[in-house]
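S.K.: Task: produce atomic coordinates for the following.
(chains A and B)
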There are 2 protein chains.
Amino acid sequence: MDMLQIIAELAQKTPSKILLVVLDGVGGLPQGPGGPTELAAAHTPNLDELARESALGLLTPVYPGLAPGSGPGHLALFGYDPFRYLVGRGALSAIGIGADFKDGDVAVRGNFATLDESGRVVDRRAGRPSNEENARVVGKLGSAIQELEGVRVSFYTESEHRFVVVLRGEGLGEQVTDTDPQKTGVAPALAQAKAADAQSQRTARVLNLLAERIRAVLSDEPRINGALFRGVSLKPRFPQMSEVYQLRPACIASYPMYKGLASLVGMEVLPVEGVEDALEGKLKALRESWDRFDFFYLHFKKTDAAGEDGNFAEKVKKIEAFDRLLPELLALKPEVLAITGDHSTPSALRAHSWHPVPLLLRAPWLRNDPTQRFTEDEAARGSLGHLRGVELMPLLLAHAGKLQKYGA
Amino acid sequence: MDMLQIIAELAQKTPSKILLVVLDGVGGLPQGPGGPTELAAAHTPNLDELARESALGLLTPVYPGLAPGSGPGHLALFGYDPFRYLVGRGALSAIGIGADFKDGDVAVRGNFATLDESGRVVDRRAGRPSNEENARVVGKLGSAIQELEGVRVSFYTESEHRFVVVLRGEGLGEQVTDTDPQKTGVAPALAQAKAADAQSQRTARVLNLLAERIRAVLSDEPRINGALFRGVSLKPRFPQMSEVYQLRPACIASYPMYKGLASLVGMEVLPVEGVEDALEGKLKALRESWDRFDFFYLHFKKTDAAGEDGNFAEKVKKIEAFDRLLPELLALKPEVLAITGDHSTPSALRAHSWHPVPLLLRAPWLRNDPTQRFTEDEAARGSLGHLRGVELMPLLLAHAGKLQKYGA
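M.R.: Sure thing, here's the model as predicted:
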């Protein structure tokens, strides 16, 4: 059952405002037994004070043991069951790089490969070229190939051997097999329609033609002379937050992936001045748009980036930078304020992990709560208990007075 | 997946007895930050002593953020997934007022309305008449209309503009649209069969005829001269507790809603002497029927009523009244005793809320538990952790030795 349908029947408009702050990958691990996590090691006087007047709990982002990517982690926080609301690999890549990607477009993840004279795959990643080399080849393809059978073709560089193709044209489908054979010594597979629909057949035909054209254009390249396609996907059409929650939602983020995910669920993506995490730009956008919306998703990226780099001290610093910002968020007086992460990224693991993330909720109608700081250990004994990521939105709506009673 | 099917395969009869006490709406909130909830403020020496030898936990009645009505809240406690076992609005109203409502009957919620000369709705609630005025008009309708097209028609007063119609006859269906147009200035809608089945078409025909007859009978009334129908529903047929749990279950409650919900799942509803919550009458019924059943659902209403009234002190008193009764329940020596609520009704909110309810379990095979009192704060650190309402019954059956191993 899709809880979104139930929630949609109960949601009601009220003037109260919800601010959801996502500190990307904020959950951490101790560096050694008994040691502090990044959150516990950070000096966070503002968060500490806030924690004392808030309720805490733990959120398992998607499912115990699952380390989620940005897609499922965020969709869950927005209340969309990440096992039901799927974003194809091609679509997620297109969103992540901020490609021009619209309803009806098909996105495909491409891997550059090395083929031998008879067309067999020698290296499925073309020796992992540098990002610069990737960008050079993508530029060459973009100049040579712009349209096939009436379909506009756009190439985007991603990193190393990875690139993205966006197809735009009438009647394209996504039920199409990958051409990556998953092994060397054989030729790339042909793209085939998995279903009998004319749309998917058209996409398959265009991709097979595209693979040929790419080989022709790259025939003078020593290493990057072929392409393998994966994850053919239309831009998903998800229910919009305005419909299911009766909210006017806004996204304040500075990286394409998060802006893209927010726009999939119908948030208005606000422009943010500044580069990278752009803390000041985000604050400015929040302040200036405060009256126009009743739900704000505010994203900070650098906690995750530091965790991915395995840099404990840097992640601590990024947490402290957010702490310094916090009084300005509180000054806006959101009725409901939630601070959490989309997943953990412990610097000890240098990767996304499956560990629950701490959740802080400051709102009307809270129970008493013994927690004193915003840390994983404190959150584990918080009064909100242990929730799933997807359960957060109904809770925020309830505390904001935006959910009617279920059943008589 | 319906867990009831799994449980049904594992349930076994044993001589042990389970007593499930539901203090309606018992969960509360502090009146101010850090203050006690109603349960924490109450003087409850017997509950305190019991808590020290019991295990505690928190139950989220239906889903985080959802404030359940009595229907979903209770069905969950009885182990019936409230998103799967739905009771239509008409059926729930009929049950709630204790109407004569049998398998095959169709119940409909009626709203008295004011119509103008051309039949357009002027007021969808007929100016919210008094309950007495409602009863007078319902009496008039009951005298004038007893049967339509071979279908017996019974009218029941509910409150203000609300009444209930029960249709009894062969071949009635429930896939019928509401006639309430949800706005004024237009005529009531015609009831229409949503499905092509003859049964629903028959119900729709009878309801349209009934709306005409009601207008004719009430043509001399200045204000209450029409009726709008909503929530057309057959009496639900749910699996019976005797089948799914191998129990002989009894209900001891004094309000129609709870007796009706219990009878839907196959409990024998025992007569209770006395008015309103009838504490002594309930104890008497429990004692006298103790040998005949192995599962008792014992319901107390006044905790919820005081919460709905926003009366903190009164809710405290009702909790204390239950505390004084407790030794007599313990004297019966149920092998498994659970005390909980179907939802929270904090007097601060004057309404059902989404907050988890405390659960107390005294039974064989408990883990150690640090809790000292039956309060929300203590329950949040209890050894049972945080469960959903629907998960309670399997736990009670297990502690009573009534559930076999799952899988080999």
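S.K.: Please identify the residue of the stretch 301-408 of chain A positioned nearest to chain B.
M.R.: Taking C-beta to the nearest C-beta, chain B has its nearest neighbour within the stretch 301-408 of chain A at residue A:394, 3.0 Å off. For every residue, glycine as well, the C-beta is placed using N, CA and C.
S.K.: now the strand or helix carrying that residue: mean pLDDT?
M.R.: In this structure, residue A:394 sits in helix A:392-399 according to DSSP states H and E. Mean per-residue pLDDT for helix A:392-399: 98.
S.K.: Not counting its own residues, what contacts that helix?
M.R.: Residues from elsewhere that reach helix A:392-399 (C-beta atoms under 8 Å, 6 or more residues apart in numbering or on different chains): A:3, A:7, A:11, A:18, A:20, A:59, A:76-79, A:245, A:335-336, A:338, A:340, A:359, A:361, A:363-366, A:384, A:387, A:403, B:63-67, B:353-354.
S.K.: Pull the CA coordinates from that helix and hand them back as CSV.
M.R.: Written as CSV, here are the backbone C-alpha positions of helix A:392-399 (Å, rounded to 0.1, in the frame of the first residue of the first chain):
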residue,chain,number,x,y,z
LEU,A,392,9.2,11.5,8.9
MET,A,393,6.9,13.6,6.7
PRO,A,394,3.6,12.4,8.2
LEU,A,395,5.1,13.2,11.6
LEU,A,396,6.1,16.7,10.5
LEU,A,397,2.7,17.4,9.0
ALA,A,398,1.0,16.2,12.2
HIS,A,399,3.1,18.5,14.4
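S.K.: pretty sure residue A:112 contacts residue A:130?
M.R.: No - using C-beta atoms under 8 Å as the test, residue A:112 is too far from residue A:130 to be in contact (11.6 Å).
S.K.: The nearest residue in space to residue A:201 that is not next to it in sequence and residue A:264: what is the separation?
M.R.: Of all residues not flanking residue A:201 in the chain, residue A:193 sits nearest, at 4.4 Å (C-beta to C-beta, 6 or more residues apart in numbering or on different chains). To residue A:264, residue A:193 is 25 Å away according to C-beta to C-beta, to the nearest Å.
S.K.: Name the residue in those two with the higher neighbour count.
M.R.: Comparing residue A:193 with residue A:264 by other C-beta atoms under 10 Å in any protein chain shown, the one with more neighbours is residue A:264, at 23 against 19.
S.K.: Name the nearest residue to the more buried one, ignoring sequence neighbours.
M.R.: Distances taken as C-beta to C-beta, 6+ apart place residue A:238 nearest to residue A:264, at 5.3 Å, with adjacent residues excluded.
S.K.: Near that neighbour, how many other residues are there?
M.R.: 19.
S.K.: That one belongs to a helix?
M.R.: No - under DSSP: H, G, I helix; E, B strand; the rest coil, residue A:238 sits outside any helix and is assigned coil.
S.K.: Report the contact partners of it.
M.R.: A:80, A:85, A:264-266.
S.K.: Equivalent analysis for residue A:302, please.
M.R.: If a contact means C-beta under 8 Å, 6+ apart, then residue A:302 has A:24, A:276-277, A:318, A:321 as its contacts.
S.K.: Out of these, which comes closest to residue A:204?
M.R.: residue A:24 (36.4 Å; C-beta to C-beta).
S.K.: Is the closest one in contact with residue A:298, as I believe?
M.R.: No - in this structure, residue A:24 is not within contact of residue A:298 by C-beta under 8 Å, at 11.2 Å.
S.K.: ok, these two, which is more surrounded?
M.R.: residue A:24 (28 against 20).
S.K.: before we move on, what SS does the spatially closest residue to the more buried one that is not a sequence neighbour have?
M.R.: Leaving out its chain neighbours, the residue that sits closest to residue A:24 by C-beta to C-beta, 6+ apart is residue A:304, at 3.7 Å. Of the three states, residue A:304 takes helix according to three-state DSSP.
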